[in-house]
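Participant: here is my input, please return the structure:
(one chain, ligands or ions: 1)
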Amino acid sequence: RRSWAEPYKIKMVEPVKMTTRKDREKAISEAGYNTFLLRSGDVYIDLLTDSGTSAMSDRQWAGMMLGDEAYAGSRNYYNLEDAVRQFYGYKYLVPTHQGRAAEHLISKIMISDGDVIPGNMYFTTTRLHQELAGGTFADVIIDEAHDPENEHPFKGNVDLQKLEDLIKKHGPDRMPYVSIATAVNMAGGQPISLENLQQVRELTAEYDIPIIHDMTRVAENAYFIKKKEPGYADKSVAAIVRQICDLTDGATMSAKKDALVNIGGFLAVNDREVFEEARNLVVVYEGLHTYGGLAGRDMEAMALGIEESVQEDHIRARIGQVQYLGDKLIGWGIPVVRPIGSHGVFLDARKILPHLSQDQFPAQTLAAELYLDAGVRAMERGVVSAGRNTETGEHNYPDLELVRLTIPRRVYTQAHMDVVAESVAEVFANREKISGLNMIYEPKYLRFFQARFERA
Ligand SMILES: CC1=C(O)/C(=C\N=C(/Cc2ccc(O)c(F)c2)C(=O)O)C(COP(=O)(O)O)=CN1
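Facilitator: So this is what the prediction gives:
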């Protein structure tokens, strides 16, 4: 039995358009060489993101029919609260329309001007909301995470020395919480080990500093612990997920990833006071505290998605498909982030286009070339995503200049993965001919979403 053969069969399909190279030349140029600005109708295989793009199950679609659209006290809210308590263990729930809304609330509540928030590598929306609340993000991830070829099995780990030095330098009073992401997105979907999380917990507990968990891909992280961390092979993914959450004080969740919904998120905390403040603030920004910007049906689908996300067969198939694509590209000698991560395969644009400096935007260029080849849409995760340094105004130049091939859950087949691999190989074979880009439009916030480029 192929270990990652899917534990489901397909009941409905959504036709996708096959485009010509000519169509794609026009489309990418009108999109300013930014894959975020392409129309989905011009995309054949959409690997831009795993966020909100997964397929729901028939149970989730049935749940949509059970939407209790009462303004206050919706039945679906209580079902979601039960699911969060049962599978994640957090006491109090504040639903939000998606993850960054939860980041906005927790940052506003816990961060004061001049605070420092250590975390295992930055994430764009997480860091921005910390900065908007007056804080500064400090990276405490292990050095190996910044090296695409280093095969450390838990590149999401925290460097405890870096963290302790930061605590000593700024003092615990300037540290509202430590932000821990599971399956670290910008490092290539790299997991943190339970051993390391326990050590982080012990260290922060000494100084009474809480841990806020970005649990967007916690089930995928749990699967890597089960497969790679000694002592967990016989534990269920669900049990490992609970163990991870129980080592933290609260969480922000983009349910659009692991929890298999198209929209949804939440803030979940154990501290009653933080909860009361969040529940009060949510009505200012999202909606009443029992719907937080979501329809009842969305909360029902989310509650069901949480339960499905921790099922062994589901997560094994999900990760197996990502590994399949990654192993194929490694076998063909294509430089990718190693080990293969949880939600996608990250092409090393710096190694694939060594003749382009980061000022010519190699990852942005590679994503555009990949789209041109066969209509596969990927996402830039390099200097454009890293943005500008708030002090100097200069580009942040990250070590990781990557193109993310992000696999939606339960959407694409192995044949699609083969097309993606063949298209990457085609672009790789012609890499010397690829020239760089100039940025011709740069928005103020999170520039990668809307920036426009032209060929240099
Ligand atoms: C680990 C984490 C995320 O991965 C995440 C989102 N992720 C996206 C969408 C996205 C977000 C920011 C970008 O720079 C980006 F280009 C893409 C993604 O594709 O990976 C959020 C925020 O959750 P929201 O999207 O529900 O608000 C919080 N935490």
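Participant: do the longest helix along the chain and the ligand meet?
Facilitator: Counting residues, the longest helix found in the chain (DSSP state H) is helix 312-331. No: Helix 312-331 stays clear of the ligand (C-beta under 6 Å from any ligand atom), getting no nearer than 13.8 Å. (Glycine included, C-beta is placed from N, CA and C.)
Participant: can you list contacts of that helix?
Facilitator: Outside helix 312-331, the residues that touch it by C-beta atoms under 8 Å, 6 or more residues apart in numbering are 2-7, 189, 219-220, 222-224, 236-237, 308-309, 336, 338, 340-345, 347, 405, 407, 409-410, 412, 414, 417-418, 420-421, 424-425.
Participant: show the buried residues in those residues.
Facilitator: Burial by neighbour count, judged by 16 or more other C-beta atoms under 10 Å, picks out 4, 6, 189, 219-220, 222-224, 237, 308-309, 336, 338, 340-345, 347, 405, 407, 409-410, 412, 417, 420-421, 424 from the contacts of helix 312-331.
Participant: let's see which of the residues you listed end up in strands.
Facilitator: Cross-referencing these against strands under DSSP state E gives G344, V345, L347, L405.
Participant: ok, which pair from the residues you listed is furthest apart?
Facilitator: Comparing all pairs in these by C-beta to C-beta, the longest separation belongs to G344 and L347, at 9.8 Å.
Participant: would you confirm that R127 contacts F137?
Facilitator: Yes: counting by C-beta atoms under 8 Å, R127 touches F137, with 4.5 Å between them.
Participant: anything in contact with each of those two?
Facilitator: Counting by C-beta under 8 Å, 6+ apart, the residues touching both R127 and F137 are G119.
Participant: can you pull the contacts of the closest residue to the ligand within the chain?
Facilitator: For the chain, the residue closest to the ligand is G99, as judged by C-beta to the nearest ligand atom, at 2.6 Å. With contact set as C-beta under 8 Å, 6+ apart, G99 has these partners: T125, D214, T216, T252, M253, S254, A255, K256, G265.
Participant: from the contact counts, what lies against whatever helix or strand A415 lives in?
Facilitator: Here A415, judged by DSSP states H and E, is contained in helix 414-429. Helix 414-429 is packed against strand 45-46, helix 312-331, helix 362-374, strand 376-377, with contacts defined by 3 or more C-beta pairs under 8 Å, 6 or more residues apart in numbering; DSSP states H and E.
Participant: which parts of the second one are buried?
Facilitator: Residues of helix 312-331 classed as buried under the neighbour-count rule (16+ other C-beta under 10 Å) are 314-326, 328-330.
Participant: if I look at D348, how far off is G189?
Facilitator: 14 Å (C-beta to C-beta, to the nearest Å).
Participant: for D249, that is, sorry about that
Facilitator: In terms of C-beta to C-beta, D249 sits 24 Å off from G189.
Participant: near the ligand, which residues of the stretch 151-300 of the chain?
Facilitator: For the stretch 151-300 of the chain, the contact set with the ligand under C-beta under 6 Å from any ligand atom comprises A181, N185, D214, T216, S254, K256, G265.
Participant: list just the nearest of those residues to L105.
Facilitator: Using C-beta to C-beta, these come closest to L105 at G265, 10.3 Å.
Participant: what's near enough to touch the closest one?
Facilitator: Per C-beta under 8 Å, 6+ apart, neighbours of G265: 95-102, 252-256.
Participant: for the nearest residue to the residue of the chain closest to the ligand once chain neighbours are set aside, grab phi and psi.
Facilitator: Computed as C-beta to C-beta, 6 or more residues apart in numbering, the closest residue to G99 that is not its neighbour in sequence is S254, at 2.7 Å. Dihedral angles of S254 (phi, psi; degrees, to the nearest 10) stand at phi -100, psi 100.
Participant: how many residues are close by S254?
Facilitator: Neighbourhood size, S254 [other C-beta atoms under 10 Å]: 26.
Participant: surely it meets S51?
Facilitator: Yes: in this structure S254 lies within contact range of S51 using C-beta under 8 Å: 6.5 Å.
Participant: overlap of the contact sets of the two?
Facilitator: By C-beta under 8 Å, 6+ apart, no residue touches both S254 and S51.
Participant: report the distance from the helix or strand following the helix holding A415 to the chain centre.
Facilitator: With elements assigned by DSSP H and E, the helix or strand that comes after helix 414-429 is strand 437-441. Computed by C-alpha atoms, centre = their mean, to the nearest Å, the chain-centroid distance of strand 437-441 equals 26 Å.
Participant: helices or strands next to the following helix or strand past strand 437-441 in the packing?
Facilitator: For strand 437-441, the following helix or strand on the C-terminal side (DSSP H and E) is strand 452-455. Counting contacts by 3+ C-beta pairs under 8 Å, 6+ apart, strand 452-455 packs against strand 437-441.
Participant: just the mean pLDDT for the strand it packs on, thanks.
Facilitator: What strand 437-441 shows for mean pLDDT is 98.
Participant: hmm, who's touching that strand?
Facilitator: 32-33, 360-361, 364-365, 368, 384, 450-456.
Participant: re the thing from before, possible to save the helices and strands packed on helix 414-429 as JSON lines with mean pLDDT?
Facilitator: Shown next, in JSON lines, are those (pLDDT from 0 to 100):
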{"stretch": "strand 45-46", "mean pLDDT": "98"}
{"stretch": "helix 312-331", "mean pLDDT": "98"}
{"stretch": "helix 362-374", "mean pLDDT": "98"}
{"stretch": "strand 376-377", "mean pLDDT": "98"}
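Participant: look up how far L128 lies from P15.
Facilitator: 37 Å.
Participant: and the stretch of helix or strand V274 belongs to, what other elements does it pack with?
Facilitator: Using DSSP H and E, V274 maps to helix 272-285. Helix 272-285 makes packing contacts with strand 92-96, helix 99-110, strand 265-269 when contacts are defined by 3+ C-beta pairs under 8 Å, 6+ apart.
Participant: ok, A386 - contacts?
Facilitator: Contacts of A386 (C-beta under 8 Å, 6+ apart): H395, N396, Y397, P398.
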